[in-house]
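**Q** 3D, please:
(one chain, ligands or ions: 1)
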Amino acid sequence: MADNRSVVYMDNNATTKVDPEVLAAMLPYFSELYGNPSSMHHFGGQVGRSLARAREQVAGLIGAESDEIIFTSCGTESDSTAILAALQAFPEKRHIVTTRVEHPAVKNLCEHLDRLTGHKHRVTQLPVDRDGLLDLEHYEAALSDDTAVVSVMWANNETGVIFPVEEMAGIARSRGILFHTDAVQAVGKIPINLADSAIDFLSVSGHKLHAPKGIGALYVRKGTPFAPLVIGGHQEKGRRGGTENVASIIGLGKACELAQARMAEENGRVRQLRDKLEEGLLSQIPSSMRNGHKEQRLPNTTNISFEFVEGEAILLHLDQYGICASSGSACTSGSLEPSHVMRAMGVPFTAAHGSVRLSLSVYNTEAEVDFVIEKLPGIIAKLREMSPFWQTSHKGAVGGASCPCECS
Ligand code: PLP
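**A** Numbering: from 1, shown residues only. The predicted structure is shown next:
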């Protein structure tokens, strides 16, 4: 088993390493700067000013104004806060529109509301096509006078597929419907400018962009009706009670500043590494296929299915080389069912079980990509040797890119 020094970390959609500059920015708030930002004295006041700076840094990354940012404990809390606030704004409306491929933070909340209210809250989950894309005509047809809120993710955590949320928000606004987007995977990876959009709520999670776990933010457009989820003190202008997680907020602010500065690298060098990795694997491994639209995707993510092998087995073998990847999202792995995203995309059963997500960051190198391209074909070949399904369906085709089913 590899130790941490030789880890090849390609699971950045699950979580990211805290950037050393982020950690350095946070440390004083655990020691000398421990004041309460709400205190009247100067000692606490200086912490309050640091929070204000962090709010500006977060707002700056997404083209928002700083008082449109509420700090939360995570992306999940931001999602719950937004959707429940929208429902409270329109108590007479009972309909939520979302997609079949949302993260459980949105999917399970909507399903819970549906059950909790004895199906009074009707939930429409929009389907996606084989590339993981939504049909906008279908979306428009799903909206009704009873729709209170639309919640559609900006980018999918498993495939990286990007949805046209700005266009969708415009359509929702023209119908008087509030629009939330779970942008947990998009923030820091692709440019976002909320100044000119009709998006009302947007969720951020720190640990996806090199800030710590357990810190998030919710953007609420100025003038959007809002009700807090966590009710208590006057923190966050009464929009989220509880003494602020100061050090993590400072870390999130710094991470947003760094992400802004690294946006070109993420969309240039990281994208090139991802493409090299993907092409290297697809060309060398027969019966492999990309899951998700080739272009309309985050620059760091590839999701590939290797037919007739189990994703879990692939992960265990990769782990022996210190390579960290994921099958399905971290939250759904552990179940033997293929992920709900693969099922919604109609990925064939033989491939849905063998899907692996490799998600890169600015810390990955070309040598790491070459290492994965070198090791993974052998792992798949070895697993297929043990697979009775592969043996019966692909006799004689092993070892080259010329698979008879032409699926790679
Ligand atoms: N939404 C998406 C798309 C995610 O990928 C995740 C985490 O994997 C979340 C929400 C939840 O974020 P957090 O872990 O900060 O609660």
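
**Q** output stretch 124-134 in PDB, but only the C-alpha positions, please.
**A** Only the C-alpha atoms of stretch 124-134 are listed here, as PDB (Å, rounded to 0.1, in the frame of the first residue of the first chain):
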ATOM      1  CA  THR A 124     -40.400  17.000 -11.300                       C
ATOM      2  CA  GLN A 125     -37.000  15.400 -12.000                       C
ATOM      3  CA  LEU A 126     -36.000  16.300 -15.500                       C
ATOM      4  CA  PRO A 127     -34.400  13.500 -17.500                       C
ATOM      5  CA  VAL A 128     -31.000  13.700 -19.300                       C
ATOM      6  CA  ASP A 129     -29.900  12.200 -22.600                       C
ATOM      7  CA  ARG A 130     -27.100   9.700 -23.200                       C
ATOM      8  CA  ASP A 131     -24.500  12.600 -23.000                       C
ATOM      9  CA  GLY A 132     -26.000  13.700 -19.700                       C
ATOM     10  CA  LEU A 133     -27.600  16.900 -21.200                       C
ATOM     11  CA  LEU A 134     -31.000  18.400 -20.500                       C
END
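
**Q** OK, now which residue of the stretch 1-150 of the chain is nearest to the ligand?
**A** Residue of the stretch 1-150 of the chain nearest the ligand, by CB to the nearest ligand atom: G75 (2.8 Å). C-betas here are computed from N, CA, C, even on glycine.

**Q** that residue touches E102, doesn't it?
**A** No - using CB atoms under 8 Å, G75 is not in contact with E102; the gap is 11.8 Å.

**Q** now do the host helix or strand of Q46: everything it contacts.
**A** Element membership for Q46, per DSSP states H and E: helix 42-62. With CB atoms under 8 Å, 6 or more residues apart in numbering as the test, helix 42-62 has contacts from 29, 33-39, 64-69, 71, 183, 187-188, 192-194, 202, 204, 217, 219, 244, 246, 249-250, 252-254, 256-257, 259-260.

**Q** what residues sit buried inside it?
**A** Going by neighbour count (16 or more other CB atoms under 10 Å), the buried part of helix 42-62 is V47, S50, L51, A54, R55, E56, Q57, V58, A59, G60, L61, I62.

**Q** would a markdown table of those with pLDDT and distance to the ligand be doable?
**A** As requested, the buried residues of helix 42-62 are exported to a markdown table (pLDDT from 0 to 100; distance: CB to the nearest ligand atom, whole Å):
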| residue | pLDDT | distance to the ligand |
| --- | --- | --- |
| V47 | 97 | 23 |
| S50 | 97 | 22 |
| L51 | 98 | 19 |
| A54 | 98 | 17 |
| R55 | 98 | 18 |
| E56 | 98 | 21 |
| Q57 | 98 | 18 |
| V58 | 98 | 14 |
| A59 | 98 | 19 |
| G60 | 98 | 20 |
| L61 | 98 | 16 |
| I62 | 98 | 15 |
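
**Q** for those, which one is nearest L277?
**A** Of all those, L277 sits closest to L61, with 26.4 Å by CB to CB.

**Q** what's the offset of the worst-scoring helix or strand of the chain on mean pLDDT from the middle of its chain?
**A** In the chain, no helix or strand scores lower on mean pLDDT, DSSP states H and E than helix 388-393, which sits at a mean of 79. Relative to its chain's centre, helix 388-393 lies at 35 Å (CA atoms, centre = their mean, to the nearest Å).

**Q** cool, stretch 98-108 as well?
**A** On CA atoms, centre = their mean, the centre of stretch 98-108 falls 11 Å from that of its chain.

**Q** so which residue is dead centre in the chain?
**A** The chain has Q185 as the residue nearest its centroid, 2.9 Å off, counting by CA atoms, centre = their mean.

**Q** ok now do M10, which residues does it touch?
**A** Neighbouring residues of M10 by CB under 8 Å, 6+ apart: I323, C324, A325, L358, S359, L360, N364, E368, V372.

**Q** so the residue lying closest to it once chain neighbours are set aside, which of the three states?
**A** Distance criterion CB to CB, 6 or more residues apart in numbering; nearest residue to M10, sequence neighbours excluded, is L358 at 4.4 Å. Three-state assignment for L358 (DSSP: H, G, I helix; E, B strand; the rest coil): strand.

**Q** domains of this structure?
**A** By the assignment in automatic domain parsing, the chain contains the domains 8-15+263-387, 20-261.

**Q** among those, which gets the worst mean confidence?
**A** When the domains of the chain are compared on mean pLDDT, domain 8-15+263-387 scores lowest, with a mean of 93.

**Q** return the distance of that one from the chain's centre.
**A** 16 Å.

**Q** what's the span of that domain from first residue to last?
**A** 27 Å (CA to CA, to the nearest Å).

**Q** how about the helices in this structure?
**A** For the chain, the helices defined by DSSP state H cover 20-26, 42-62, 75-89, 104-116, 136-142, 165-174, 246-265, 271-284, 311-320, 340-344, 349-352, 366-385, 388-393.
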